[in-house]
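1. Fold the stuff below for me.
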Amino acid sequence: MNKFDRQSSSADIQTLPDDIAEELSRLPSEVISVDDAPSITPPAPLSQDEVRTIVISLMLTMFLAALDQTIVATALPTIGRQFQDVSNLSWVITAYLLASTAVAPVFGTLSDIYGRRVMIIISLSLFVAGSVLCAVAPNMPMLILARGLQGLGGGGIMPVVQTVISDVVSPRERGQYQAYFSSVWMVGGILGPVIGGVFAEHLHWSMIFWINLPLTAAALGLLLPNMKKIPVFHRKRKVDWLGGVLLMASAVVFMLVLTWGGSRYPWLSPTVLAMVGSAIALAVTFVWHARRADEPFLPLKLLTGSVAPFALTAGGCGLGAITGLTVQLPLYYESVYHLTASEAGLALIPLAAVSTCGAAIAGRTMARAKHYKRVAIIGTSWAALCGLGLTLTTLPLWGLLTLMAAFALGLGTTFPVCVVSLQNSVARPQVGTITGAMNFFRSLMSSFTVAAFAAILLIALGIDVPLAGEHHAAGSVAIPTEDMRHAFRYVFGAATALMTIAALCLIAMEERPLAGPSAKQPVEMAE
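-> Here you go, the predicted structure:
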């Protein structure tokens, strides 16, 4: 919900529709000035067909980003053989993740300054340019650089898409649409390895990049004609480039620590410790600069208050838990239940698919219930109980998959509630900034959780094991089944702790009224 200074007069509020005026009258008085607020003139509502077309185009756009995070994995062996370079293969994925994480807050903030249309065109252009360069790369270094460029575009897609949705759909209805995008992300994540394997085996590995061109053309063809109809809420202001560079630099160094620590370098090695010190120094410098800048790149006030810190933490814990389990569970399935690599991949579907069902339930509840966060509190508490069951019991495969699905159902409720609560807590010209910050912190939390779960297994087993995409080599590591079961109890315990933290954060988070049609009104129009 937008927040206005009390300088906004009652006469101004009376010019708004009744439901919006009612919400404005309940807002706190201390948040931002009128200069930061959007125009009080309500935009012409979009028709259902226009909203549907925009949503479909945005879903296709997000599918591109989801697909390219996983489609490369199964083609890596083929790429390594062609370039005769296996030692640097991990950088094909790492370069994309580093770039996409670092620029998420950049695109979010710039969309608040220059508008959504410009930033979605730039992000998709960078993505396509990177895809073409990847497809024609003559060697491994060029491929890695091109993947970094592709990551710059991919990292901008998620925050800009979520911000555009906030422009066309009211907060009360937005949860339902967030569930749709969660399903797109899930489908892209599942189809990516399959498509990548088929292209690498039967066609050519470069097809995993060429396929992005027609998909991008289709997305832009649907989206651009309708972009001029979307309400404009961005506000031109000076760009704090120094703050943006400091934020990106600290993120890149921190991500490198999580990537290299425990694998390329020991955690307590001078290299890792120096990088940790550099990341902290850059972060402290960013905070120091942001406190003194007139218009900081990421206003620190947005990250404080009674909503943002709790929603960011709860959402980060939810995404971290599901990402960490998705990365490590194939090793568990292969070692304990003796599944093949493909069967272990299929066993991940309940975790991904059912979490989307949880997001859909929460989204629909938000459109109808006044106390919308209760569904997420119940969901995260349920997930914590299921995680405790996974920690304390030994189950057959069907029992494990059933309990894992129940865990995922509760976990999925966090995502729409956290996203919409964050966007609902700031002024319209700041939605892109908070959305970019949310994606930034979620990516960092996911990387941290993957590294933490790997460290837990390493400590529990006492030996190095194949992790993070190297499960196909699990057969070369002789680990007794009972030892693996015992080690994974700590992993499930860590996931339980994350969901407990998420539940406590949601309980503490303020539940602000959502703008939009009330539960008694039909959901027909966007804002």
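
2. how close does Leu319 get to His202?
-> 34 Å (C-beta to C-beta, to the nearest Å). For glycine as for every other residue, the C-beta is placed from the backbone atoms N, C-alpha and C.

3. Neighbour count: the two, which is higher?
-> Taking other C-beta atoms under 10 Å, Leu319 and His202 do not tie; Leu319 has more neighbours (25 against 8).

4. Just the element for the more buried one, please.
-> Counting by DSSP states H and E, the element that carries Leu319 is helix 308-336.

5. Could you pull out the buried residues of that helix?
-> Using 16 or more other C-beta atoms under 10 Å as the test for burial, helix 308-336 gives 308, 310-336.

6. Contacts only, for Met484.
-> Met484 makes contact with 331-332, 335-336, 461, according to C-beta atoms under 8 Å, 6 or more residues apart in numbering.

7. And for Leu303?
-> For Leu303, the contact set (C-beta under 8 Å, 6+ apart) comprises 309, 312, 437.

8. Okay, now the unreliable bits of this structure?
-> For the chain, the stretches with pLDDT under 70 are 1-47, 74, 87, 229, 231-236, 341-342, 462-478, 515-527.

9. That one: strands as residue ranges?
-> Here the chain has no strands by DSSP state E.

10. okay, which residue is most central for it?
-> Asn439 (4.8 Å; C-alpha atoms, centre = their mean).

11. contacting residues for that residue?
-> Contact partners of Asn439, counting by C-beta under 8 Å, 6+ apart, are 104-105, 108, 155, 158-159, 162.

12. and what of Ile195?
-> Ile195 neighbours (C-beta under 8 Å, 6+ apart): 67, 71, 208, 211.

13. Swap in 7 Å and give it another go.
-> Going by C-beta atoms under 7 Å, 6 or more residues apart in numbering, Ile195 touches Ile71.

14. ditto for the one 10 residues further on
-> Taking C-beta under 7 Å, 6+ apart as the criterion, Trp205 is in contact with 75, 78-79, 199.

15. swap in Leu461?
-> Leu461 sits next to 479, 483, 487 when contact means C-beta under 7 Å, 6+ apart.

16. mind listing which of the residues you listed are in helices?
-> Judged by DSSP state H, the subset of those located in helices is 483, 487.

17. Buried members of the contacts of Leu461 into ChimeraX, please.
-> Buried members of those, defined by 16+ other C-beta under 10 Å, are picked up in ChimeraX with:
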select :479,483,487
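
18. Looking at the contacts of Leu461, which is nearest Val431?
-> Val431 lies nearest to Ala487 out of the contacts of Leu461, by C-beta to C-beta, at 42.6 Å.

19. Give me the nearest residue to the closest one, chain neighbours excluded.
-> Ala460 (3.7 Å; C-beta to C-beta, 6 or more residues apart in numbering).

20. In contact with the one you found, which residues are there?
-> Here Ala460 is in contact with 486-487, 490 (C-beta under 7 Å, 6+ apart).

21. that older thread, looking at the contacts of Leu303, which is nearest Val51?
-> Scanning the contacts of Leu303 for proximity to Val51, where the rule is C-beta to C-beta, the winner is Ala437, at 26.1 Å.

22. I'd guessed the closest one sits against Phe107; true?
-> No: in this structure, Ala437 is not within contact of Phe107 by C-beta atoms under 7 Å, at 11.1 Å.

23. More neighbours: which of the two?
-> Using other C-beta under 10 Å, the more surrounded residue of Ala437 and Phe107 is Phe107, with 27 against 24.

24. From Gly261, how far out is the nearest residue to the more buried one once chain neighbours are set aside?
-> Nearest residue to Phe107 in three dimensions, chain neighbours excluded: Gly156, at 3.5 Å (C-beta to C-beta, 6+ apart). According to C-beta to C-beta, Gly156 stands 27 Å off from Gly261.

25. Looking only at neighbour counts, state which of those two leads.
-> Gly156 (29 against 21).

26. Around Ser447, how many other residues sit close by?
-> As a burial measure, Ser447 scores 22 neighbours (other C-beta under 10 Å).

27. right, I mislabeled it, should have said Val245
-> Counted with other C-beta under 10 Å, residues neighbouring Val245 total 16.

28. One more: Gly432?
-> 32.

29. pretty sure it contacts Asp112?
-> Yes: Gly432 is in contact with Asp112 according to C-beta under 7 Å; the separation is 4.0 Å.

30. Out of the contacts of Asn439, which sit inside helices?
-> Cross-referencing the contacts of Asn439 against helices under DSSP H gives 104-105, 108, 155, 158-159, 162.

31. nearest residue to Met248 other than its sequence neighbours?
-> Leaving out its chain neighbours, the residue that sits closest to Met248 by C-beta to C-beta, 6+ apart is Ala102, at 4.2 Å.

32. correct me, but the one you found touches Ala251?
-> Yes: contact criterion C-beta under 7 Å: Ala102 and Ala251 qualify, at 4.8 Å.
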